[in-house]
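Student: curious how this folds, go ahead:
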Amino acid sequence: MSAAPQAPPRASVNRPGGHTVTRAGPLRLLAAGREAFREVPGLRGLLLQGLLLLYLLFAALGGVALGGVYHFLVQPLSQRMAALDAAGNVFLELLLPLLAGLVWLAQVLLLAATLLLALVLSLSLLSLWFEALAGRVAAHARGGAAAEAPFRLGAWLRSLGRAVGDNGFLLALAVLSLLLGFVPVLGPLLTFAVGSYLLGWAVREPYLAVRAARGEALRDLRRGLLGWTLRVGTLPVLLAMVPWLGWLLLPVVLIYQVAGVAWLSERGRP
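Tutor: The predicted model follows:
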């Protein structure tokens, strides 16, 4: 009696979140990105171009967002605190140090969440550039010349509207993270978690978009990546909470992590 024919084995999907890449935390991705920029020809020029665009967008959008938050939220809140201080109520005078501390914490959270919103919008506008970066790294790691279409400023400008529309869900989450900062006690934790997911998503998606353009299903590529995405996004969120130095390093870290995801995923190394 002949044995029943067996179905051919399913091909494994090489993606971020596989048995090797899920062990790669934020720092390992930075090291992998540095290796990619050292090994892939022409990547340094693309890096300078992307950094210039990202810094300009981040500075412009961040300045507008911070100005709006200060004018409509921080300044009225400070005026209300000053009015309480001048009221002369003994009970209020005892509470003022605690209230001042809470107001300071709220301002820090608003600052980080506002910058996160500006950064997510900047990353959305530059999604085409990040895909070009990931595509070039992936092509080189496979042993061939970069087959991906080069990044062109004209094509990028024409794609801005589509980029914002495609990333509407992420922008809505960024606004939600801004609002979550007002939730008592749990607000900071929720803001940090949502921010980590957003920036982890921004790190992983350019490479997944390259794989999807080659005919693979995004739903399959994204499966099981929630925990890894949150872990990868923790470092960028922490940098968003550090004024000036953290803000300067944040775009560089994101770019290196994007390159690191493509490099590790294609080469299958932990």
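Student: helix or strand right after the one helix or strand Glu205 maps to?
Tutor: In this structure, Glu205 is located in helix 187-213 according to DSSP states H and E. Moving toward the C-terminus from helix 187-213, the next helix or strand (DSSP H and E) is helix 218-222.
Student: pull that next one out as PDB, backbone CA atoms only.
Tutor: This file holds the C-alpha atoms of helix 218-222, laid out as PDB (Å, rounded to 0.1, in the frame of the first residue of the first chain):
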ATOM      1  CA  LEU A 218       2.200  42.400   4.700                       C
ATOM      2  CA  ARG A 219      -0.200  40.700   7.000                       C
ATOM      3  CA  ASP A 220       2.100  37.600   7.200                       C
ATOM      4  CA  LEU A 221       5.200  39.800   7.500                       C
ATOM      5  CA  ARG A 222       3.700  41.700  10.500                       C
END
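Student: average pLDDT for that helix?
Tutor: Average pLDDT, helix 218-222: 86.
Student: buried set for it?
Tutor: 221-222 (16 or more other Cβ atoms under 10 Å). All C-beta atoms are positioned from the backbone trio N, CA, C, and that covers glycine.
Student: what of stretch 261-270?
Tutor: 261-267.
Student: Tyr197: which of the residues you listed is nearest?
Tutor: Nearest to Tyr197 out of those is Val261 (Cβ to Cβ; 15.4 Å).
Student: which of the buried residues of stretch 261-270 fall in helices?
Tutor: Those of the buried residues of stretch 261-270 mapping onto helices are 261-267, per DSSP state H.
Student: can you lay out those as TSV showing distance to Leu235 and pLDDT?
Tutor: As requested, these are exported to TSV (distance: Cβ to Cβ, whole Å; pLDDT from 0 to 100):
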residue	distance to Leu235	pLDDT
Val261	13	93
Ala262	18	92
Trp263	17	92
Leu264	16	90
Ser265	19	89
Glu266	22	86
Arg267	22	80
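Student: which of those sits closest to Ala36?
Tutor: For those, the closest approach to Ala36 (Cβ to Cβ) belongs to Trp263, at 4.1 Å.
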